[in-house]
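J.: Sharing a model that was predicted from the sequence below.
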Amino acid sequence: MAITQNKVNVLNSRGPCCPCRIRRGPLKCRAAVTNSQQTKETTKIGNSGVQVSSLGIGIWSWGDRWGYWGYGDTYGKADNEAAYHAILSTSVNFWDTAEIYGFGKSEELLGEFMQKTGSSDKAMVATKFATLPWRFTSHSVVQACKASLQRLQIPKLALYQIHFPASSVNFFANSSFLRGLAHCQQIGLTDAVGVSNFNEDRLRHAYQTLQDQGVRLASNQVQYSLLYREPERNGVMKACQELGVTLIAYSPLCQGLLTGKYDGNNNPKGARGLLFTKNKARDVQPLIQLMREIGQKHDGKTPAQVAINWCLCKGTLPIPGAKTAKQAEEAAGALGWRLTPGECRALEATADRISRNDIAVGMPFEQW
């Protein structure tokens, strides 16, 4: 898809990158950022005072025991360790994991890699508490946090989050879990606290519940990408903006669909491959082509880097996954430059034209 002259004029236009910018630091939509500025590209998580790199690395896939990502088949521990080493040579220092990723293996691997490289004092680690049906009390949050710290081999977290709201037999315990989250910060287990997969109502309730405990809600981690922009429509992004809560964007590459690597014939292995069909690959090609053309205007950036940079321009903190060194380096390459406001609008317009309900599906937690 060639860019017409009208599109060129739109892509080169200037103005506010996004009217719904979240209050999270001095990020501006710029066409380019110098190398010296790249090393300073950091942001504060909400009003917590915790400062991290403007981009993080999500490690859901590390040590995956669910079979979803193909761990032990298409990649393994050595690849994950290489990804960690690759990130050490960049300005990225924010890592996001969870106790249920690989049933604790993701946390264990990150802890092992930090210890082997002596870099635990430089890493800003976030992990998550799972509202499993046999958990009912605030104390269970504290216990889980301490267990995560043991697996990570660090004394304190940068951010501790509730992974998703409880909705089954322990649905009544959500407020208790929030109080437990506050207690984790009060006793020094974490510097900041957040939630994940919370809709607007739950987000506002969490903010007030924590505030009653003297603790500020720092973040809400939700799915957000060019192909999944529900947070803009369902009130979550607006609420984050109003409350001074950072929106952490997971799956900014739509689990790989926005990388341009898959055409329907070379789907990823494992359960994740079920998300990729020939129809989806065909439907997203206009967007992939536009990202390639825009990337060429920014020193040959890849579609993945353009997709992540768009999330940065929207005022979020994206956490793309990285299983290998190559993926880690590519993700870090989304820093140090910015799309123009016109490029952001062109990407959104193209994405809107191709978006369908079955291209990117939200997690069920968002409706709980």
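T.: Good, I have the coordinates. The structure displayed is predicted, hence computed values, not measured ones. Numbering: from 1, shown residues only.

J.: any idea where the strands of this protein begin and end?
T.: Under the criterion DSSP state E, the chain carries strands at the ranges 42-44, 51-53, 56-58, 94-96, 124-129, 159-162, 193-196, 217-223, 246-250, 317-318.

J.: so who does the spatially closest residue to residue 213 that is not a sequence neighbour touch?
T.: Excluding the flanking residues, the one nearest residue 213 by C-beta to C-beta, 6 or more residues apart in numbering is residue 182, at 3.8 Å. C-beta coordinates here come from the backbone N, C-alpha and C atoms, glycine included. Going by C-beta atoms under 8 Å, 6 or more residues apart in numbering, residue 182 touches 193, 209, 210, 213, 214, 215.

J.: follow-up on the earlier one: include mean pLDDT and mean neighbour count when you put the strands of the chain into a markdown table, please.
T.: Formatted as a markdown table, the strands of the chain follow (pLDDT from 0 to 100; neighbours: other C-beta atoms under 10 Å):
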| stretch | mean pLDDT | mean neighbour count |
| --- | --- | --- |
| strand 42-44 | 97 | 19 |
| strand 51-53 | 98 | 20 |
| strand 56-58 | 98 | 27 |
| strand 94-96 | 98 | 27 |
| strand 124-129 | 98 | 26 |
| strand 159-162 | 98 | 27 |
| strand 193-196 | 98 | 28 |
| strand 217-223 | 98 | 27 |
| strand 246-250 | 98 | 27 |
| strand 317-318 | 98 | 28 |
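
J.: List just the one of those that sits closest to residue 80.
T.: Across the strands of the chain, the minimum distance to residue 80, taken as C-beta to C-beta, is reached by strand 56-58, at 10.7 Å.

J.: The closest one - contacts with which helices or strands?
T.: strand 94-96 (3 or more C-beta pairs under 8 Å, 6 or more residues apart in numbering; DSSP states H and E).

J.: Output the contacting helices and strands for the strand it packs on.
T.: Counting by 3+ C-beta pairs under 8 Å, 6+ apart, strand 94-96 packs on strand 56-58, strand 124-129.

J.: Just checking: what are the partner strands of that strand?
T.: strand 56-58 (parallel), strand 124-129 (parallel) (DSSP bridges).

J.: Low-confidence stretches in the chain?
T.: 1-40, 270, 356-358 (pLDDT under 70).

J.: same thing but 90
T.: 1-40, 65-70, 72-74, 167-168, 262-282, 354-368 (pLDDT under 90).

J.: In the stretch 251-368 of the chain, mark out all the helices, start to finish.
T.: 278-283, 285-296, 303-313, 325-332, 341-354 (DSSP state H, counting those that start in this stretch).

J.: Torsion angles phi and psi at residue 120?
T.: With angles defined as degrees, to the nearest 10, residue 120 sits at phi -60, psi -30.

J.: List the contacts of it.
T.: Contacts of residue 120 (C-beta under 8 Å, 6+ apart): 111, 114, 153, 154.

J.: How many residues are close by the residue nearest to residue 183 when sequence neighbours are not counted?
T.: Using C-beta to C-beta, 6+ apart and skipping the chain neighbours, the partner closest in space to residue 183 is residue 142 (5.8 Å). Residues within reach of residue 142, counting by other C-beta atoms under 10 Å, total 18.

J.: neighbours of residue 200, just the number please.
T.: 16.

J.: Run through the bridge partners of the closest residue in space to residue 181 that isn't next to it in sequence.
T.: Using C-beta to C-beta, 6+ apart and skipping the chain neighbours, the partner closest in space to residue 181 is residue 193 (4.8 Å). Counting by DSSP bridges, residue 193 is bridged to residue 160, residue 217.

J.: Run a quick check on residue 193 versus residue 217, I expect a contact.
T.: Yes. Counting by C-beta atoms under 8 Å, residue 217 is a contact partner of residue 193 at 6.7 Å.

J.: hey, what's in contact with both of the two?
T.: Common contacts of residue 193 and residue 217, defined by C-beta under 8 Å, 6+ apart, comprise residue 210.

J.: Using TSV, please lay out the strands of the chain together with distance to residue 169.
T.: Shown next, in TSV, are the strands of the chain (distance: least, C-beta to C-beta, whole Å):
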stretch	distance to residue 169
strand 42-44	37
strand 51-53	35
strand 56-58	29
strand 94-96	28
strand 124-129	17
strand 159-162	17
strand 193-196	20
strand 217-223	24
strand 246-250	26
strand 317-318	33
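
J.: List phi and psi for the nearest residue to residue 188 once chain neighbours are set aside.
T.: What sits nearest to residue 188 in space, not counting adjacent residues and going by C-beta to C-beta, 6+ apart, is residue 156, at 6.6 Å. Backbone geometry at residue 156, expressed as degrees, to the nearest 10, gives phi -160, psi 150.

J.: Next, count neighbours for residue 156.
T.: Neighbours around residue 156, by other C-beta under 10 Å: 14.

J.: Would you pull up how far stretch 128-140 lies from the middle of the chain?
T.: 23 Å (C-alpha atoms, centre = their mean, to the nearest Å).

J.: Repeat that for stretch 331-340.
T.: 15 Å.

J.: so how far does that stretch reach from one end to the other?
T.: 19 Å (C-alpha to C-alpha, to the nearest Å).
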